[in-house]
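Enquirer: only geometry, no sequence info:
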């Protein structure tokens, strides 16, 4: 089916980009729950899937709300406020979803997936109270699966937005859409999307358009259309193919002279997020010494800490990546 979204001058004036934590949370969870391998995200899957299972997140609210295939309720993707809302901002929108809309979209899940599970039945009966539980589980999933990697993911998404904005500035909106995805084209003031299962028209969509680059959407496009909000179009960001590639380790002699050998060693080991115990084993430091150095690095903004069950995962920040990249 070919979907066509007409654009007036007002719609073009309201078109914007946004980076959405909830889109990354939902699409990444679906990838994990599919149980399949992935040519790009396999390193991330191998690290995250055991932690998600250990936290019970593979059999909770998200497991029923985000099936491996089929419809996902639109209330999980409220229209982003601003260019880069926080997860807390978006979860507030999820919790504030009107009761009738929650139930209407749960009815659609039942139509698509069959008889709902116990959590979805509870959510249908008490949307206002149960939605808080949903938000809490999403926050837990974010801390386990996305937050330790967010600096790296966010860099790819920001680079995509910068590239697309430059396209518009230099060549206009038509070039932007014709280059966005193989199924997207622009012609005669209308955006055309080929091979769509859901309709998309100005009769069912609000004004404007939200373009959302994503690391986990897969090869296709995902849309969300809910009046009166603008339609959302999530597309695979440029640069995903190199997202999990190992980065060359620079010579760190000069950096060690400033930070100390142990702290520099910890930063280079944090190519992927790790716990204090893992880092102590890999570096030869004692666990108390590694913990002390990690605390100092965290206070300096060079690492971030994320709760994952009973352990804490440490990850390099973008500041640390820049420091390491500047090493001779």
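Expert: On my side now, so go ahead. Note that this is a predicted model, so its numbers are computed, not measured.

Enquirer: and stretch 83-91, end to end?
Expert: Start-to-end span of stretch 83-91 (Cα to Cα, to the nearest Å) is 16 Å.

Enquirer: flag every buried residue along that stretch.
Expert: 84-85, 87, 89-91 (16 or more other Cβ atoms under 10 Å). In this view, the C-beta of every residue, glycine as well, is placed from N, C-alpha and C.

Enquirer: so which of these comes closest to residue 148?
Expert: Proximity of those to residue 148 (Cβ to Cβ) peaks at residue 87, which lies at 13.6 Å.

Enquirer: just to check, that closest one is in contact with residue 140?
Expert: No. Applying Cβ atoms under 8 Å as the test, residue 87 and residue 140 come out as separate, 11.3 Å apart.

Enquirer: tell me which element residue 116 falls in.
Expert: Residue 116 belongs to no helix or strand when assigned by DSSP states H and E.

Enquirer: ok, it to residue 63 distance?
Expert: As judged by Cβ to Cβ, to the nearest Å, residue 116 and residue 63 stand 12 Å apart.

Enquirer: do the same with residue 93
Expert: For residue 93, the distance to residue 63 (Cβ to Cβ) stands at 22 Å.

Enquirer: and residue 188, what's its pLDDT?
Expert: In the predicted model, residue 188 carries a pLDDT score of 76.

Enquirer: any low-confidence regions in the chain?
Expert: Applying pLDDT under 70 to the chain flags the ranges 1, 197-199, 247-250, 327-328.

Enquirer: break it into its domains for me.
Expert: The chain is divided into the following domains under automatic domain parsing: 3-18+153-240, 21-146, 253-326.

Enquirer: and residue 246, which of these is closest to it?
Expert: Nearest to residue 246, of all the domains of the chain, is domain 253-326, at 6.3 Å by Cβ to Cβ.

Enquirer: where exactly do the helices run in the stretch 151-300 of the chain?
Expert: Counting by DSSP state H, counting those that start in this stretch, the stretch 151-300 of the chain has helices at residues 173-180, 253-259, 261-269, 276-283, 287-299.

Enquirer: buried residues in the second one, which are they?
Expert: In other words, helix 253-259. In terms of neighbour count (16+ other Cβ under 10 Å), helix 253-259 has its buried residues at 255-256, 259.

Enquirer: now the first one
Expert: For helix 173-180, burial by neighbour count (16+ other Cβ under 10 Å) applies to 176-177, 180.

Enquirer: mind listing residues that contact it?
Expert: For helix 173-180, contacts defined as Cβ atoms under 8 Å, 6 or more residues apart in numbering pick out 12, 15, 164, 167-168, 184-186, 191, 211, 235.

Enquirer: among the residues you listed, name the buried ones.
Expert: The buried subset of these - by 16+ other Cβ under 10 Å - is 15, 164, 167, 184-186, 191, 211, 235.

Enquirer: any idea which of the residues you listed is closest to residue 68?
Expert: Closest approach to residue 68 among the buried ones among the contacts of helix 173-180 (Cβ to Cβ): residue 235, at 20.9 Å.

Enquirer: contact partners for the closest one?
Expert: By Cβ under 8 Å, 6+ apart, the residues touching residue 235 are 180-181, 184, 211-214, 217, 221-222.

Enquirer: can you tell me which of the residues you listed has the most neighbours?
Expert: In terms of neighbours by other Cβ atoms under 10 Å, these top out with residue 213 at 27 neighbours.

Enquirer: phi, psi for the residue lying closest to that residue once chain neighbours are set aside please.
Expert: Among residues not flanking residue 213 along the chain, residue 237 sits closest, at 3.7 Å (Cβ to Cβ, 6 or more residues apart in numbering). The phi/psi pair for residue 237 (degrees, to the nearest 10) reads phi -70, psi 150.

Enquirer: what residue of the protein is the furthest out?
Expert: The centre of the chain is farthest from one residue, residue 257, which by Cα atoms, centre = their mean lies 36.7 Å away.

Enquirer: how about the contacts made by residue 230?
Expert: 14, 79, 205-210.

Enquirer: how close does it sit to residue 217?
Expert: 18 Å.

Enquirer: over to residue 295?
Expert: 37 Å.
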